[in-house]
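> Turn this into a structure:
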Amino acid sequence: MNLYREDRNLQFVLARALEATQLALAEPVLDELGAAAGDDLDRLAATADRSPPVLRPFDRDGERVDEIVHHPAYHDLERAAFGRFALAAASHRPGLHGFAGAVPHVVKYAMTYLFAQAEFGVLCPVNMTDSLTRVLRRFATPGLLARYLPRLTTTDPAELWQGAMFLTERAGGSDVGATETVACRVPPDATLPDGLDAGAPIWRLSGAKWFCSNAGAELALVLARPEGAPPGTRGLGLFLVTRHLPDGRLNGCRIERLKDKLGTRDMATGEVTLDGALAHQVGDLDRGFVQMAVMINASRLSNAVRSAGMMRRGYVEAVAHGQARSAFGQRLIDLPLQRRALLAMLLDVEGAVAAIFETAAVLERADAGDRDAESLARVLTPLLKATVTRRARHVTGEAMEARGGDGYVEEWVQPRLLRDAHLGSIWEGTTNVVQLDVLRAMAREGAHRALLARLSRADRPPHESLVRLLDRTCRRLEARCDEVLALEGPRRELAMPGLASVLYHLVAATCLAEEAAHQLAAGEGGHKLVVAAAYSARELGRGDDPLDEPDLVALLEPLERWERLPVEAAEAVRLAD
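Residues are numbered from 1 along each chain as shown. Alright, predicted model coming up:
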């Protein structure tokens, strides 16, 4: 199956988000990637998942090498991701995939969404290389950029240096302010290895990092506390550590062991000890955490995109099984409860995709200097990370159950999807931590006001009940945000799970409604109107679950086939006023 050609929803979203010339450039590579994700990349991912990497700490002469040995299938996946499809370089190198400048964020995330439907693990190194490059371009000295940018953005595997983020420690976990790694300034007149100077102060780092994904990366951004710096995140500096010194020796970085993980088993995550590792200072010494947040937020958005991709793959597998399998004298997909479960997955996928590509477009504007877009990106990113990644755990579980006993067998893709999906809500901050980041964006920057203003201005389809529901929810959330911000202590934090969830669902529902308005104005039928109405009724309405209506679940296959539904089809959704 070509996962791009079969995804009419993604094609619709991209046609709406991109200029015609951009879409013409994007479609050939998306088509190529869709074919690969449904074929060779999927097979490689299954093989690599069954063959986790191993750590080779010493060579035959007893010299410390800390080499991570991967199965050849994993290296093939790396070549596809970093080289053939240039996912890590897309935002940083002009001329890729036919674009004169950088590849638009919408296109890059569409490629990530497709790739994740075959393989999740290698996209962690891809994203961290991309995000590390983003940080260096914003904060590093010209010397650091000149030295490392070509290696980070090359599509030649022989020249590529991958990136990583060494953040988590045993003492703190999500509490980054508890970081114990210490940084000691190297005197300017000290003798350094040849080729190390790049116009930035040099420090030595000592400490232990507990959860280092892509542990064998050649470059890592590390938070450490300079001697004498205050406690908490304000006392942290940001440093760039190379795995090897210019002469080829290990740079005081020791991989203690690799983690035996539930998912992403093909990608090496380990524990790393920094024993006087030489490091370049990145940016201002007293703004390390703020600068690292640029990488964290980029990773959070990528995580949401990948989670949506796994939701889509689970849904596709469940539909294919329901159409091919018979039980009780009928196709599974003709059974009302099976249709209901599949339609619920469809709503989750299309809602997530609508919110994600809205955020990708916002990020493009923010990178161009739009301050309002910066505020929107600041709150949208943690909203998506908190909700889409958690929802992916449910959808991939439903997809497993849809296949029955075979769905629990590792020869099928469902167990891998489910195992990988559980990591999405943990990486770059657990759901609780990220919901508190939404709260910070509201309290410190008033980012929710920009978001609610954007949602209230959105185009609406000609559906009075849907419009009233969206407008009413927007007003209710504006008042609720003010109420939460007026709370103190535990009450304020305990309010966030409910508030963040409804905010996300309002974003997704509004984006779906905008898509519906666009589709109807173009005379292309009522598919999106049905989806927007059903999603809004389920997540924002106060009446019965719309999926209890036989007339609505009967629309599953017409929605799946993207038949040109009449506007009247939305009457199958009961939207209570």
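> got the residue ranges for the helices in the stretch 251-400 of the chain?
Ranges of helices in the stretch 251-400 of the chain, per DSSP state H, counting those that start in this stretch, are 288-324, 336-367, 371-402.
> Please name the nearest non-neighbouring residue to A377.
Nearest non-adjacent residue to A377, counting by Cβ to Cβ, 6 or more residues apart in numbering: A366, 4.7 Å away. Heads up, the C-betas are built off the backbone N, CA and C, glycines and all.
> which ones are touching that neighbour?
The contact partners of A366, taken as Cβ atoms under 8 Å, 6 or more residues apart in numbering, are 373-374, 376-377.
> could you redo the last one with a cut-off of 10 Å?
Contacts for A366 (Cβ atoms under 10 Å, 6 or more residues apart in numbering) come out as 105, 359, 372-378.
> Quick check: neighbours of the worst-scoring helix or strand of the chain on mean pLDDT in the sheet, parallel or antiparallel?
Within the chain, confidence by mean pLDDT, DSSP states H and E is lowest for strand 326-327 among all helices and strands, at a mean of 90. Strand pairing for strand 326-327, determined by DSSP bridges: strand 330-331 (antiparallel).
> mean confidence score for the strand it pairs with?
When pLDDT is averaged along strand 330-331, the result is 94.
> Residues contacting it, please?
In contact with strand 330-331 (Cβ under 10 Å, 6+ apart) are residues 322-325, 338, 557.
> now those residues: which count as buried?
322, 338, 557 (16 or more other Cβ atoms under 10 Å).
> Just the closest of these to E488, please.
Q338 (47.9 Å; Cβ to Cβ).
> what's the residue found closest to the closest one once you drop the neighbours it is linked to in the chain in contact with, if anything?
Excluding the flanking residues, the one nearest Q338 by Cβ to Cβ, 6+ apart is L332, at 5.0 Å. Residues in contact with L332, defined by Cβ under 10 Å, 6+ apart, are 318-319, 321-326, 338-339, 342, 402-404.
> ok, L332 to E411 distance?
Distance of L332 to E411, given as Cβ to Cβ, to the nearest Å: 20 Å.
> L258: neighbour count?
Other residues within reach of L258, judged by other Cβ atoms under 10 Å, total 18.
> May I have the residues that are in contact with the nearest residue to it once chain neighbours are set aside?
Excluding its sequence neighbours, the residue lying closest to L258 (Cβ to Cβ, 6+ apart) is G270, at 4.6 Å. By Cβ under 10 Å, 6+ apart, G270 lies in contact with 53, 55, 66, 68, 166, 209-216, 254-259.
> Residue ranges in the stretch 151-300 of the chain under the pLDDT threshold?
Within the stretch 151-300 of the chain, no range satisfies pLDDT under 70.
> And the strands in this structure?
Remark: strands assigned in the chain by DSSP state E are 54-58, 64-69, 163-166, 182-185, 202-213, 219-226, 237-242, 253-258, 269-281, 326-327, 330-331.
> how far is the second one from where the chain is centred?
Centre-to-centre, strand 64-69 and its host chain are 29 Å apart (Cα atoms, centre = their mean, to the nearest Å).
> do you know how far the nearest residue to G199 once chain neighbours are set aside is from G195?
Leaving aside its sequence neighbours, G199 sits nearest to G143 (Cβ to Cβ, 6+ apart; 3.1 Å). Noted for G143: a distance of 12 Å to G195, by Cβ to Cβ.
> Comparing those two, which residue is more hemmed in?
Taking other Cβ under 10 Å, G143 and G195 do not tie; G143 has more neighbours (13 against 10).
> ok, R561 - how many residues close by?
Look at R561: counted by other Cβ under 10 Å, it has 9 neighbours.
> correction: R56
Going by other Cβ under 10 Å, the residues that sit close to R56 add up to 12.
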